[in-house]
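*Asks:* predicted coordinates and the sequence they were generated for:
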2 protein chains.
Amino acid sequence: MIAVYDVEEKRVAKMLKLFRQYLNWIQNSVFEGELTEAQLLKLENSIKKIIDSETDSVIIFKFRDQKWADKKIIGKEKNSTSNFI
Amino acid sequence: MIAVYDVEEKRVAKMLKLFRQYLNWIQNSVFEGELTEAQLLKLENSIKKIIDSETDSVIIFKFRDQKWADKKIIGKEKNSTSNFI
């Protein structure tokens, strides 16, 4: 699972704090991880409480087998501790 | 395929221009699309010419069957024209 958000500056800190409880930060406003359906539902509900759905955007990519097939990093790895649980 | 970049401000415009030649912009510095291996190689070489690999970061997620399984948008869809070719 990959999640990305694009929110107004004043909500970034709150979103970062929320996402970090569920997923691994890998870059900018990009997170990866594996969640159960229940965890994902809880995250989605928390997201809806924070964002202004008129201006903010969150995209969640899910994969058939929970993981992307291949991840390639060009340049610096912003979060070198990023590994799947 | 999903590609995200986290680069210094002065290189953002160049990266945006490059990525738009290959992929669909969907949000912030996030792009999606389907590329052949040859196209991907060309994109990667162009990326390496632009970025400072000490500070900038590009992550490319590839999937077994070229596409994510499910994409969920919460809040505003920043690029409503984003559809797969």
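*Replies:* All right, it came through fine. Numbering: from 1, shown residues only, chains lettered A, B, ... in the order given.

*Asks:* the helix or strand of chain A with the lowest mean pLDDT near chain B at all?
*Replies:* Using mean pLDDT, DSSP states H and E, the weakest-scoring helix or strand in chain A turns out to be strand A:70-75, at a mean of 86. Yes. On the criterion Cβ under 8 Å from any Cβ of the partner chain, strand A:70-75 is in touch with chain B at A:70-75. C-betas here are computed from N, CA, C, even on glycine.

*Asks:* got the buried residues for that strand?
*Replies:* Across strand A:70-75, burial judged by 16 or more other Cβ atoms under 10 Å in any protein chain shown covers A:71, A:73-75.

*Asks:* for the residue lying farthest from the centre of chain A, what are its contacts?
*Replies:* Residue farthest from the centre of chain A, counting by Cα atoms, centre = their mean, is residue A:75 at 20.9 Å. Residues counted as contacts of residue A:75 (Cβ atoms under 8 Å, 6 or more residues apart in numbering or on different chains) are B:47, B:51-58.

*Asks:* with adjacent residues omitted, what lies nearest to it?
*Replies:* Of all residues not flanking residue A:75 in the chain, residue B:53 sits nearest, at 4.1 Å (Cβ to Cβ, 6 or more residues apart in numbering or on different chains).

*Asks:* next one: phi and psi at the one you found?
*Replies:* Dihedral angles phi and psi of residue B:53 (degrees, to the nearest 10) take the values phi -70, psi 0.
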